[in-house]
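[1] whatever this is, show me its structure:
(2 chains)
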Amino acid sequence: MCNLGRRNRQRSGHEEGRKPVELFHGVNVDWLGKKWYFLGFSLIFSIAGIISMGMHWASIGSPVPLGVDFRGGTQLQVQFEQTPNLEQIRSAIQSAGIAGASIVNYDVPSNREVLISLPEQTNETSLDAGRKQIEDALQSRYSNPFTVRNVQVVGPTVGHQLERQAGLATLYSLLGMLIYLWFRFQLIYGVAAVVAVFHDTLITVGAFALTNQEISLTVIAAILTLIGYSMNDTIVVFDRIRENLRLTRREPLADLVNRSINQTLSRTVLTSGLTFLTVLSLYIFGGQVLRGFSFALVIGILIGTYSSIAVAAPMLVAWQEWRAGKDRSVALPAAKRSRS
Amino acid sequence: MKKNLNSKIAAIVAVLVIFIYGIFGVPSGLSGKALEEAMTKHIHLGLDLRGGAHLILQVVVSEAVSAETDNTVARIQQDLKAANLSFSQVYKPDPAKPESVRIEGTTAAQASAIRTLLDNKYSGEYDVTGGGGDTSFALTMKPLVESALEEKTVQQAIETIRDRVDTLGVSEPVIQEYGLGKDEILVELPGISDLDRVKSIIQSTARLEIHAVVGGPYPDEQAALASVGGALPPDEQMVHGSGALATGSDADSVYVLQRVSIVAGSDFRSADPGTDQNGLRNVRFTLTNEAGDKFYDYTSANVGRSMAVVLGGRVREVATIKSAIRDSGEISGSFSSDEVEILSKMLRTGALPASLNYLEDRTVGASLGADSIREGVTAAIVGVLVVMAFMLVYYKSSGINADLALLLNLIILLGFMGFSGATLTLPGIAGVILTIGMGVDSNVLIFERIREEIRAGKAASAAVDQGFAHAWTTIFDTHVTTIVSAGILFLFGTGPVKGFAVTLTFGLAANLFTAVYVSRVIFEAHLNRMKTGEMVSI
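    Coordinates of the predicted model:
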């Protein structure tokens, strides 16, 4: 129905077996043989992230720069009619007696937008005073007409509540998946998948720490999405492992896992590639508001794809080997041969 | 088989029509502008896209508890006096614990009589302790009663805020309980960016009350304290106000007032702005019948004494009672025209039962919202085109199949949004884009599987059959896990993030239908037209 016009061509093409466009057909890569490289790679990125988080912790008291959602405080996004001069804005605000304001260009300077932030207000009753003071100061002391594009004023109560909620959401989401995989596969599959996903989260958050970008509420949404996404990838591989295990019982586990990864490789690369393209489009065209969100996804999709092959699957095999090594009487052939 | 297929296609077309209706309704025309209008009418845009104000308010519920126990203190005093039971004072011992009341200086001989009275009249709401040989009693509000009162206070505050917001003429405001804390209220006002005006209307924490004046004005608190002998009796309070109210001087001064009000915020029936005989702005009010009777009793018994109008914790006016007043009166003072307007609005809509704190406010200007829509839509269109083009190149004719499924997926997703009244936010648009990426995953899984089956030497229809069957378990598992995380986002997220979870969930659900069912039907239709031995183009 969808390719009426091509029927003739196809009929003739069929005979010589028109070759489909294919990537990764018949690849035979020994993924598990490279597990030490993978481990090294993962460790380098995780540790770099952790060190960077530690440095942030020492300087600002949280592992990553937090957006105004979590940190609390006042943030105004102001667009000026003429290109703004940050120094003049700063002196206008200081001379109005407002202390501790941070003033930075929002996105590129040609946007004529400036982000003005005030630190957290400890007193909830005077929460909104800062916004008004800044607007008044700009109006009376800086002669450059402006419009306020976005205001966020977050009190300490809400900030801490959100922080807690974000942590809980991530935790429950991991737990929910662990239970689902336990129920659909086996506990070890769930554990391996959750470890892989945790690895992705760690590296993604580490990337925020390394590049000194703020984590806001939408970034948390992106991280939860990538948890779901990376889990998808892992499940596709696991599903194939489970299916192959049903078909062949004699093949060493490591070989079987390799074969499963190779069989699903074209799908993995295709889907990741396509999702990556859509997310890249979001990163390029989606505007500054979504920049953090799409950054998390761009990193997350790369890492998520990598981890299902390089972390989750090897963990299954390693666990099997460890169990076989501990309990000699079981001595699965799968475990023995894969060591050589 | 053929007939079966036709009914399946009919079902798909029906779904298509229904969801297109969900997006557009019945548009006034088919021009781009008419369609756009129809679409924005059906799909609710979030504050971040259409611009507006988002506030989170905290109701200071302890104030309502405190007001309730203030009343109880007054009632106990009356009851004890009426029953000729002696006591030295009834008071609230600790301002930090508004729920407890103490009675002191009773006689041991009357202890059981007092206990009986308290048990009879107050044990429904309070835990009563003391009695026997004691000369004091303590009443503590029952936790259940207290939390019910707090809940009622929040509900009342929501009602009041809704009434006030309605006077602003905002379309589709959201005013509801919020968050895990039980005392928070979420207010969303689309299209409003002048937050100051909104706040002065909502905020006017301004509980308006009329209290009896014990003494004042005094220049400062020390002087006020000195006038009552150095210690403030528990049934009285100090309230600041401006010095000479008649001359409009701003100098601060202090009044000593009876703690229990004569008229409370909820006692007003109507109020209108006006001017008095001197041309000063005032507010004329009418009290409810019950409050009017109470007011009449008080004013007729206290002619010549003063009462103070307390607004937002400050004395705004002090008036001498010249004669008994029943249910109407006026409040004058040095008001601006805005103040008179707002005050009468507030009195009409009923006062807030307790004051409010602002926990959070976010305002998005309409221009930023428009920019976000443009950027989001551009990203979505580019994303869709790239994916569709790729599918065509990679899977050839079957790519058309996937692309049709993808388009239908988007239509169902947007239609869902229209039908359910869910809100489309900027992260929601991101959710749509992500749905495209993940939605196409199902097609890729199926197609790759079909290719494998073909490689294994299966005939076209068997390959398609097997491909779908094998891919199904994987697709099911991946969708369930993603919906789990989207569901958790929905439970924990707020505003824009919730919008993201909604589109992602709807998108995935729609994807199960399009990638598995629709795609399958398209394949079947295609297989039906093929000759035996012919292979699908994939």
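
[2] need the helices for the stretch 101-250 of chain B, in chain order.
    With DSSP state H, counting those that start in this stretch as the criterion, the stretch 101-250 of chain B has helices at B:111-122, B:143-166, B:195-203, B:221-227.

[3] dump stretch A:61-76 to PDB, restricted to CA.
    C-alpha atoms of stretch A:61-76 as PDB (Å, rounded to 0.1, in the frame of the first residue of the first chain):
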ATOM      1  CA  GLY A  61      29.000  23.100  49.300                       C
ATOM      2  CA  SER A  62      27.300  21.100  46.700                       C
ATOM      3  CA  PRO A  63      28.700  18.600  44.200                       C
ATOM      4  CA  VAL A  64      27.400  20.500  41.100                       C
ATOM      5  CA  PRO A  65      26.500  24.100  40.600                       C
ATOM      6  CA  LEU A  66      22.800  24.200  41.400                       C
ATOM      7  CA  GLY A  67      20.200  26.200  39.500                       C
ATOM      8  CA  VAL A  68      18.000  28.700  41.300                       C
ATOM      9  CA  ASP A  69      15.300  26.000  41.600                       C
ATOM     10  CA  PHE A  70      17.400  24.200  44.200                       C
ATOM     11  CA  ARG A  71      19.700  26.800  45.600                       C
ATOM     12  CA  GLY A  72      16.900  29.300  46.300                       C
ATOM     13  CA  GLY A  73      17.300  33.000  45.600                       C
ATOM     14  CA  THR A  74      16.300  35.500  43.000                       C
ATOM     15  CA  GLN A  75      17.100  35.400  39.300                       C
ATOM     16  CA  LEU A  76      16.000  37.900  36.700                       C
END
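
[4] ok, back up a step: which stretch in the helices of the stretch 101-250 of chain B has the least confidence?
    When those are compared by mean pLDDT, helix B:195-203 comes last with a mean of 75.

[5] picking up where we left off before, select, out of the helices of the stretch 101-250 of chain B, the one closest to chain A.
    helix B:195-203 (7.0 Å; Cβ to the nearest Cβ). Where you see a C-beta, it was placed from the backbone N, CA and C, and this is true even at glycine.

[6] is any part of that closest one close to chain A?
    Yes: counting by Cβ under 8 Å from any Cβ of the partner chain, chain A has neighbours in helix B:195-203: B:L195, B:D196, B:K199.

[7] which single one of the residues you listed is nearest to B:N278?
    Of all these, B:N278 sits closest to B:D196, with 30.2 Å by Cβ to Cβ.

[8] what's the neighbour count on the closest residue to the closest one other than its chain neighbours?
    In space, and not counting its chain neighbours, B:D196 is closest to A:K132: 7.2 Å by Cβ to Cβ, 6 or more residues apart in numbering or on different chains. By the other Cβ atoms under 10 Å in any protein chain shown criterion, the neighbourhood of A:K132 contains 13 residues.

[9] also the one 10 residues further on?
    Using other Cβ under 10 Å, A:Y142 has 20 other residues around it.

[10] quick check: phi and psi on it?
    A:Y142 adopts backbone torsions of phi -130, psi 110, taken as degrees, to the nearest 10.

[11] show me what contacts it?
    A:Q88, A:I89, A:A92 (Cβ atoms under 8 Å, 6 or more residues apart in numbering or on different chains).

[12] ok, then the element right after the one helix or strand in chain B whose mean pLDDT sits lowest?
    Lowest on mean pLDDT, DSSP states H and E among the helices and strands of chain B sits helix B:337-349, with a mean of 69. Next in sequence after helix B:337-349, counting helices and strands by DSSP states H and E, comes strand B:356-364.

[13] and whichever residue of the stretch 1-150 of chain B sits closest to chain A, which of the three is it?
    Across the stretch 1-150 of chain B, the shortest distance to chain A (Cβ to the nearest Cβ) belongs to B:I56, at 6.0 Å. Under DSSP: H, G, I helix; E, B strand; the rest coil, the three-state class of B:I56 is strand.

[14] find the helix or strand that the residue nearest to B:D196 is a member of.
    helix A:129-141.

[15] what's that helix in contact with?
    A:74, A:76, A:78, A:89, A:92-93, A:95-98, A:101, A:116, A:118, A:121, A:146, A:148, A:151, A:153, B:195-196.

[16] name the helices or strands packed onto the next helix or strand after that helix?
    Sequence order places strand A:146-154 as the next helix or strand after helix A:129-141, per DSSP H and E. Packing contacts for strand A:146-154, counted by 3 or more Cβ pairs under 8 Å, 6 or more residues apart in numbering or on different chains; DSSP states H and E, involve helix A:68-71, strand A:73-80, helix A:129-141, strand B:356-364, helix B:366-395.

[17] check the gap between the residue nearest to the spatial centre of chain A and A:M231 for me.
    When Cα atoms, centre = their mean is applied to chain A, the residue found nearest the centroid is A:G300 (3.3 Å). For A:G300, the distance to A:M231 (Cβ to Cβ, to the nearest Å) stands at 12 Å.

[18] and for B:V382?
    From B:V382 to A:M231 the distance is 27 Å (Cβ to Cβ).

[19] then A:Y172?
    14 Å.

[20] who has more neighbours out of the two?
    A count of neighbours by other Cβ under 10 Å puts A:M231 above the other of A:Y172 and A:M231, at 31 against 17.

[21] list the contacts for that one?
    Counting by Cβ under 8 Å, 6+ apart, A:M231 makes contact with A:M177, A:A193, A:V197, B:T478, B:T481, B:T482, B:S485.

[22] wait, the fourth one touches B:D441, no?
    Yes: in this structure, B:T478 is within contact of B:D441 by Cβ atoms under 8 Å, at 7.2 Å.

[23] with mean neighbour count and distance to B:F506 added, can I get the helices of the stretch 101-250 of chain B in JSON lines?
    Below are these laid out as JSON lines (neighbours: other Cβ atoms under 10 Å in any protein chain shown; distance: least, Cβ to Cβ, whole Å):
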{"stretch": "helix B:111-122", "mean neighbour count": "16", "distance to B:F506": "54"}
{"stretch": "helix B:143-166", "mean neighbour count": "17", "distance to B:F506": "29"}
{"stretch": "helix B:195-203", "mean neighbour count": "18", "distance to B:F506": "32"}
{"stretch": "helix B:221-227", "mean neighbour count": "15", "distance to B:F506": "60"}
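
[24] make CSV from those and add distance to B:V502 to it.
    Output for the helices of the stretch 101-250 of chain B, formatted as CSV (distance: least, Cβ to Cβ, whole Å):
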stretch, distance to B:V502
helix B:111-122, 49
helix B:143-166, 23
helix B:195-203, 26
helix B:221-227, 54
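
[25] and B:E209, what are its bridge partners?
    Assessed by DSSP bridges, B:E209 has beta-bridge partners B:V310.

[26] what confidence value was assigned to it?
    79.

[27] quick revisit: who touches both of B:T478 and B:D441?
    In contact with both B:T478 and B:D441: A:N232, using Cβ under 8 Å, 6+ apart.

[28] hmm, back to that, which SS state does the closest residue in space to the residue nearest to the centre of chain A that isn't next to it in sequence fall under?
    Once flanking residues are discounted, A:G300 sits nearest to A:L226: 3.1 Å by Cβ to Cβ, 6+ apart. Secondary structure, three-state DSSP: A:L226 is helix.

[29] about what we covered before: does the residue nearest to the centre of chain A touch A:D233 like I think?
    No: counting by Cβ under 8 Å, A:G300 sits too far from A:D233 to count as a contact (10.9 Å).

[30] just give me the neighbour total for the residue nearest to A:G300.
    A:L226: 26 neighbours (other Cβ under 10 Å).
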